[in-house]
Structures are given as C-alpha cells and as structure tokens.
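Engineer: Okay, structure incoming, though there's no sequence with it:
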C-alpha cells in the first residue's frame with residue numbers, strides 16, 4: 001500500500017476540521033462521526049447521519065479539497081476514485 005500525503009490545502013483543511021471537532025466535543029456538543037466512526041467509510045450509508053453536526057461547515061471544507069476518497073462526509077456520499085479526483089457521488093450523476 002502506497003503512502004498518500006496531504007496537499008498543503010488538504011492539511012490545512014484537516015487541521016481546521018480537527019480543531020473544530022475538539023472545540024465542539026469540549027463544549028459538550030455531539031459530533032456524529034466521533035460517536036461511531038465505522039459508518040463513515042462506507043459510501044452506502046445514508047448521508048443524513050451528518051444532520052445536526054456542529055462542524056458541518058468545516059467538514060465540507062475538508063471534503064471539498066478532494067482528500068476524502070470514499071465514504072460519507074459532510075452529508076455527502078463520496079465514491080472511491082483517485083485521491084485528486086474524489087467528488088460527491090451526487091455531483092457525478094448530474
């Protein structure tokens with residue numbers, strides 16, 4: 001398995017997201033992906049599991065960098081593709 005590195009933009013977005021998650025958890029808010037991370041790697045899961053997440057904006061910013069290859073993130077289904085071309089499955093069908 002090849003090691004895959006973040007681009008600088010992806011690394012920054014990841015840092016912003018992890019900081020937002022930590023702040024939300026520290027303030028007692030529920031972040032769905034931190035309760036049970038397993039469903040997030042499966043693109044067949046319902047993106048509605050993200051509803052009400054306090055870090056949705058930061059999560060979407062990270063997803064928009066293309067760092068996520070597959071799974072559910074920011075209320076979107078991502079299809080398995082190359083790291084640089086990951087796009088939400090809903091956009092690809094359009």
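Structural biologist: In hand now; what should we look at? Model, not experiment: these values are computed from the prediction.
Engineer: Go through the chain and flag its longest helix.
Structural biologist: Scanning the chain for the longest helix, with DSSP state H as the assignment, gives helix 8-26.
Engineer: What is that helix packed up against?
Structural biologist: Contact here means 3 or more CB pairs under 8 Å, 6 or more residues apart in numbering; DSSP states H and E; on that basis helix 8-26 packs against helix 56-63. (Glycine included, C-beta is placed from N, CA and C.)
Engineer: quick one: the helix it packs on to helix 8-26, angle?
Structural biologist: Going by axes from the mean of the first three to the mean of the last three CA atoms, to 10 degrees, helix 56-63 is angled at 150 degrees with respect to helix 8-26.
Engineer: Tell me the first helix or strand C-terminal of helix 56-63.
Structural biologist: Scanning forward in sequence from helix 56-63 by DSSP states H and E, the next helix or strand is strand 71-73.
Engineer: by contact count, what packs against that following strand?
Structural biologist: Judged by 3+ CB pairs under 8 Å, 6+ apart, the packing partners of strand 71-73 are helix 56-63, strand 76-78.
Engineer: Can you give me the buried ones in the longest helix of the chain?
Structural biologist: 10, 13-14, 16-17, 20-21, 24 (16 or more other CB atoms under 10 Å).
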